[in-house]
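Peer 1: Just a sequence and a predicted model for now, questions to come.
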Amino acid sequence: MSSSSEFSGKNLIGFTEFDGIATQYQRQDMPQKKAAWMENLQPIGPNDLVCTPAAKAAIATLAGGESIDRMFYFNLGQNTDYILCFCSSGAAYRVTNTSGVIVKFANAGTFSSDPDVTNWETERALIADSKAGYCTYDGTVFVSQGGVSPNIEVTNGGSGYTSGATVAITGGTGSGATATATVVGGVVTAINLTNPGSGYLASDTLTVTITAVSGGSGATASGHVWPFLGFNPVTLAVFQGRVWLGNANVITYTGTGASYGGIGYDDFKAGDASGSFTIQDADLVHNITALRGLNNYLWIFGDGSVKQIGNISVSGSTTSFTVVTISSDQGTLYRDSIYSYNRLVIFANKVGIFAVFGSSVEKISADLDGIFRAIDFSQIPCGAVADINNIHCYLLLVRYKDSVAGTRSIILAWADKKFFVISQGNNLKYIITGVIQSLFSLFGTSGADISPLLADPSTAVAITLRTSLTSNNAPMIGKSSVQYAVAQSVGNASSLNLLIESENPKNVSINYNISNVLNFINNSSGALQFVNSGGGNLNFITNVAGFFYKHGNGGAISGVYLGMTLTGNVINFTLNSMLLEYEENAAFGTDQVAYAATL
């Protein structure tokens, strides 16, 4: 908000050139370009705060008292998008993010409350969990330790299978594994696991038998049991064709897949250059908290450090790489806050939000220090990226102990080096990014629901802009408000309230309505009202946002510091500027002394 000025002999305070929220200051004499609070208003340009869209109704709701702890976006086959939901019961579901169809793929008691998920190409989700271990799900079949791996290699496609083929999986100590064959041009091209079975051991040798339905021969395939790792990973990432799994201070990585037709997500054979290593650096402090493959690096997060692995080379059965430390004094416990944003890697911890710029880590959230001091970290912060009003933003969901509204969920948003606050429901637990028609979209849950957030521009949202209380660079001069003005644009009728305030516990409250209704005026400046045949008023609504300039009496609010707060429920609303005219008076008048005496 711009510096104040004097115009035509009048003292004016101009709140313009909006530069985001700042909460590390007291409201008195904080920088005028900063807002003490900016909620559901997004800084688009120097004099444009645009309201954010509202949340849409839930696309799906889990039944049976299920409560979602974690959600992950899963793209299958490049054209089907799912949201994987992991619940407090230990069950897991997939939800199609267009239709809302719900499918349960793991029963209660399967998972902990904090699994980690990544995608293997567009073929399957890979899951690391302290309870379920290393697992995989392809949208149809869920496989965990004790089941047959879906990585079944066709070693010879045969010929003449014009009527198809059946598949049998035998051998080993387990049972129940089934599969089907894909036949193209009489040749078996793939074996598709339909049931992993159970009870199989790592030492089991499996036999895959392909039988022609009518004619055809020569097709062979090999299968194996899903790997037994001997530990349960808590985080994982895919990087340079490998899967990297973290547990405590150890990272285990898969091999090249040479033994399995070049597919390596379950290849832990030492001869295929798989392996593990232990991070013994003192700056890891405790455990690896997150692995992420972002921006051509594998990122290794501890609670107090950030490391990375770049290029990997393979010689025979040996994989070589170098671990580089990026930061020895910042890291995160909050794995799900880590996102790639415009080539930056951003993460959050208990003191703020940080970004990796090249080879250095810098705090970007000094403006939010006041908010971070009031976060309830018993709800784990989680991040996302989303395109809001066509601007790409980093988002962090936190549980905020609001001194006015009570503890509630808010989203901290960052774009163009400016922060603002978004509210999409007071009890949001988790948010994720989903890509829909090339737009980065946001989904969230407050418990059992899966809801599109920031997706409904036709529903009103509650906005708040609380300016600084400014002395207008004159902290020794008293001030009394005379007139105010608010410049705004609106595409739909909206109701707003404006408070004119000082450091004293007094304010003037002004309610007003704005709309894009066309008013017709006669040549005597009188209003013309059109009436229909039933005697009702006819209003003419424009199809574009209209500019509205509201001004009036400032109510003689006195103090050394003056400011304004604008609230309301709005649709398609833009705030351009707010102005306050004042008269000078004694800095220590009766009101100030009387107020001080009551403290």
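Peer 2: That came in fine, so what should we check first?
Peer 1: what comes up buried for stretch 360-373?
Peer 2: 361, 364-365, 367-368, 370-372 (16 or more other Cβ atoms under 10 Å). C-beta coordinates here come from the backbone N, C-alpha and C atoms, glycine included.
Peer 1: What are the contacting residues of the strand or helix carrying residue 181?
Peer 2: Taking DSSP states H and E as the definition, residue 181 sits inside strand 175-184. Outside strand 175-184, the residues that touch it by Cβ atoms under 8 Å, 6 or more residues apart in numbering are 147-148, 152, 161, 164-167, 169, 188-200, 206, 208, 210, 219.
Peer 1: try stretch 484-491
Peer 2: 498, 500, 510, 514-516, 544-554, 564, 566, 570-581.
Peer 1: out of those, which are inside strands?
Peer 2: Using DSSP state E, 498, 500, 510, 514, 546-553, 564, 566, 570, 573-581 are the members of the contacts of stretch 484-491 that sit in strands.
Peer 1: need the buried residues of stretch 360-373 in JSON lines with pLDDT and secondary structure, can you?
Peer 2: JSON lines is the format used below for the buried residues of stretch 360-373 (pLDDT from 0 to 100; DSSP: H, G, I helix; E, B strand; the rest coil):
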{"residue": "361", "pLDDT": "96", "secondary structure": "strand"}
{"residue": "364", "pLDDT": "98", "secondary structure": "coil"}
{"residue": "365", "pLDDT": "98", "secondary structure": "coil"}
{"residue": "367", "pLDDT": "97", "secondary structure": "helix"}
{"residue": "368", "pLDDT": "98", "secondary structure": "helix"}
{"residue": "370", "pLDDT": "96", "secondary structure": "helix"}
{"residue": "371", "pLDDT": "98", "secondary structure": "helix"}
{"residue": "372", "pLDDT": "98", "secondary structure": "helix"}
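Peer 1: Quick one: neighbours of residue 44, just the number.
Peer 2: Neighbour count of residue 44, defined by other Cβ atoms under 10 Å: 18.
Peer 1: avg pLDDT for stretch 490-499?
Peer 2: Averaging pLDDT along stretch 490-499 yields 89.
Peer 1: Can you give me the first-to-last residue distance of it?
Peer 2: When the termini of stretch 490-499 are compared using Cα to Cα, to the nearest Å, they are 20 Å apart.
Peer 1: Just the buried residues of it, please?
Peer 2: 490-492, 494, 496, 498-499.
Peer 1: swap in stretch 194-204?
Peer 2: In stretch 194-204, counting by 16+ other Cβ under 10 Å, buried: 196-197, 200.
Peer 1: out of the residues you listed, who's nearest residue 386?
Peer 2: Lowest distance from residue 386 to the buried residues of stretch 194-204 (Cβ to Cβ) belongs to residue 196, with 35.7 Å.
Peer 1: Dump the helix or strand harbouring that closest one to PDB, keeping only the CA atoms.
Peer 2: Counting by DSSP H and E, the element that carries residue 196 is strand 187-198. This file holds the C-alpha atoms of strand 187-198, laid out as PDB (Å, rounded to 0.1, in the frame of the first residue of the first chain):
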ATOM      1  CA  VAL A 187       1.000 -62.800 -30.100                       C
ATOM      2  CA  VAL A 188       1.000 -62.600 -26.300                       C
ATOM      3  CA  THR A 189       2.300 -59.100 -25.500                       C
ATOM      4  CA  ALA A 190       1.600 -58.800 -21.800                       C
ATOM      5  CA  ILE A 191       0.600 -60.700 -18.700                       C
ATOM      6  CA  ASN A 192      -1.700 -58.800 -16.400                       C
ATOM      7  CA  LEU A 193      -1.900 -59.700 -12.700                       C
ATOM      8  CA  THR A 194      -5.500 -59.800 -11.500                       C
ATOM      9  CA  ASN A 195      -5.000 -61.200  -8.000                       C
ATOM     10  CA  PRO A 196      -1.600 -61.300  -6.200                       C
ATOM     11  CA  GLY A 197      -2.600 -64.100  -3.900                       C
ATOM     12  CA  SER A 198      -1.100 -64.400  -0.500                       C
END
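Peer 1: From the rest of the structure, what touches the helix or strand following that strand?
Peer 2: Using DSSP H and E, the next helix or strand after strand 187-198 towards the C-terminus is strand 207-212. With contact meaning Cβ under 8 Å, 6+ apart, strand 207-212 is reached by 152, 158, 160-161, 163-171, 179, 181, 188, 191, 219-223.
Peer 1: Return the subset of those residues lying in strands.
Peer 2: 158, 165-170, 179, 181, 188, 191, 219-222.
Peer 1: ok, which stretches of the chain are helices?
Peer 2: Remark: helices assigned in the chain by DSSP state H are 369-372, 590-597.
Peer 1: Of the ones you listed, which shows the lowest average pLDDT?
Peer 2: Here the lowest mean pLDDT among the helices of the chain goes to helix 590-597, at a mean of 43.
Peer 1: Quick check: chain neighbours aside, which residue is closest to residue 458?
Peer 2: The shortest distance from residue 458 to any non-neighbouring residue, by Cβ to Cβ, 6 or more residues apart in numbering, is to residue 571 (6.6 Å).
Peer 1: Just give the number of residues close to the one you found.
Peer 2: Residues lying near residue 571 (other Cβ under 10 Å) number 18.
Peer 1: Kindly list the main-chain dihedrals of it?
Peer 2: phi -130, psi 130 (degrees, to the nearest 10).
Peer 1: what's near enough to touch it?
Peer 2: 51, 457-461, 491-494.
Peer 1: In JSON lines: those, plus distance to residue 28.
Peer 2: Below are these laid out as JSON lines (distance: Cβ to Cβ, whole Å):
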{"residue": "51", "distance to residue 28": "28"}
{"residue": "457", "distance to residue 28": "36"}
{"residue": "458", "distance to residue 28": "39"}
{"residue": "459", "distance to residue 28": "36"}
{"residue": "460", "distance to residue 28": "32"}
{"residue": "461", "distance to residue 28": "29"}
{"residue": "491", "distance to residue 28": "35"}
{"residue": "492", "distance to residue 28": "35"}
{"residue": "493", "distance to residue 28": "35"}
{"residue": "494", "distance to residue 28": "30"}
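Peer 1: Now the buried members of the contacts of strand 207-212.
Peer 2: 152, 158, 161, 164-165, 167, 169, 179, 181, 188, 191, 219, 221-223.
Peer 1: how close does the residue nearest to residue 71 when sequence neighbours are not counted get to residue 99?
Peer 2: Ranked by Cβ to Cβ, 6+ apart and with sequence neighbours excluded, the top spatial neighbour of residue 71 is residue 432, at 4.8 Å. Look at residue 432 and residue 99: by Cβ to Cβ, to the nearest Å, they are 18 Å apart.
Peer 1: Of these two, give the one with the bigger neighbour count.
Peer 2: Between residue 432 and residue 99, counting by other Cβ under 10 Å, residue 432 is the more crowded of the two (25 against 9).
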